[in-house]
Each structure stands twice: as C-alpha cells, then as structure tokens.
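Chemist: Quick one, fold the following:
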Amino acid sequence: QVQLVESGGGLVQAGGSLRLSCVASGTFFSINTMGWYRQAPGKQRALVASITSLGSTQYADSVKGRFTISRDNAKNTVYLQMNSLNAEDTAAYYCNCDANRYSGGYYSSHWGQGTQVTVSS
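Modeler: Presented below is the predicted three-dimensional model:
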C-alpha cells in the first residue's frame with residue numbers, strides 16, 4: 001500500500017502564493033510519475049501538473065507560467081509552487097503517484113486525501 005499525505009493548502013488572497021507538498025510512504029519499489037490534480041465544486045478532477053522520476057514536467061494550460069512542480073526522489077516528495085493565484089484556482093488539490101511493488105512490476109495509481117486551496121478575490 002502507498003500512502004500520500006498532502007500539506008500546504010489554505011486561504012490566500014488573489015495574487016498570493018502557496019506551496020503544496022505531498023509525501024509518499026508505505027510499501028513500494030519505485031515511483032514513476034507524481035502529480036497534482038484539482039477538483040472544484042461541480043467540476044471534474046483535472047490534471048494541474050505532473051513530473052516523472054527523470055524530471056519531465058507537464059502543466060495544464062491554465063497554470064503555465066504561474067505554477068511549478070518539483071520533486072525530491074530521495075524523500076519521495078512532490079511539491080507544487082503556486083504563484084499569482086486567482087479565484088479560479090480555488091479547489092481541492094489531490095496528490096497522485098504511480099508506484100510499483102517490485103522491479104519491473106506493474107505501476108498502480110494512488111491518491112492522497114486532498115488539501116483545500118481557497119483564493120479570495
């Protein structure tokens with residue numbers, strides 16, 4: 001089992017910044033992609049940003065130039081630096097990772113419980 005614990009959410013004024021963190025723990029051999037998704041009320045969960053174990057990144061168009069994803073492989077931790085926040089960024093943010101249990105094994109997807117980000121205008 002893989003556990004993901006997010007932290008860093010909260011209430012911030014428009015134009016402000018927040019940094020989210022997510023730590024993976026439990027039983028696994030390796031983690032491939034780690035990412036952040038978000039879900040606003042009445043909307044589907046959508047990718048915000050992802051990063052592979054080699055550092056390749058992907059961003060949603062709406063956050064390009066404002067958000068930066070990074071990871072520390074030694075700490076099994078992924079970060080999301082969010083700058084120039086606006087009301088449209090208000091959502092529950094979920095950490096995700098793909099992990100396997102042994103070398104060459106199948107990668108399964110795991111989710112954190114989520115952390116709320118609220119941007120006041």
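
Chemist: For the residue nearest in space to the middle of the chain, give me its contacts.
Modeler: In the chain, the C-alpha nearest the mean C-alpha coordinate belongs to residue 36, at 2.4 Å (CA atoms, centre = their mean). For residue 36, the contacting residues are 20, 22, 47-50, 69, 78, 80, 93-96, by CB atoms under 8 Å, 6 or more residues apart in numbering. Yep, even glycine has a C-beta here, placed from its N, CA and C like the rest.

Chemist: Assign it to helix, strand or coil.
Modeler: Under DSSP: H, G, I helix; E, B strand; the rest coil, residue 36 falls in the strand class.

Chemist: residue contacts, the closest residue in space to residue 85 that isn't next to it in sequence?
Modeler: Excluding its sequence neighbours, the residue lying closest to residue 85 (CB to CB, 6 or more residues apart in numbering) is residue 119, at 4.6 Å. Contacts for residue 119 were tallied using CB under 8 Å, 6+ apart; they are 11-14, 16, 85-90.

Chemist: Tabulate the residues you listed (JSON lines), appending pLDDT, secondary structure and neighbour count.
Modeler: Shown next, in JSON lines, are the contacts of residue 119 (pLDDT from 0 to 100; DSSP: H, G, I helix; E, B strand; the rest coil; neighbours: other CB atoms under 10 Å):
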{"residue": "11", "pLDDT": "98", "secondary structure": "strand", "neighbour count": "12"}
{"residue": "12", "pLDDT": "98", "secondary structure": "strand", "neighbour count": "17"}
{"residue": "13", "pLDDT": "98", "secondary structure": "strand", "neighbour count": "9"}
{"residue": "14", "pLDDT": "98", "secondary structure": "coil", "neighbour count": "14"}
{"residue": "16", "pLDDT": "98", "secondary structure": "coil", "neighbour count": "15"}
{"residue": "85", "pLDDT": "98", "secondary structure": "coil", "neighbour count": "22"}
{"residue": "86", "pLDDT": "97", "secondary structure": "coil", "neighbour count": "13"}
{"residue": "87", "pLDDT": "96", "secondary structure": "helix", "neighbour count": "10"}
{"residue": "88", "pLDDT": "96", "secondary structure": "helix", "neighbour count": "12"}
{"residue": "89", "pLDDT": "98", "secondary structure": "helix", "neighbour count": "22"}
{"residue": "90", "pLDDT": "98", "secondary structure": "coil", "neighbour count": "19"}
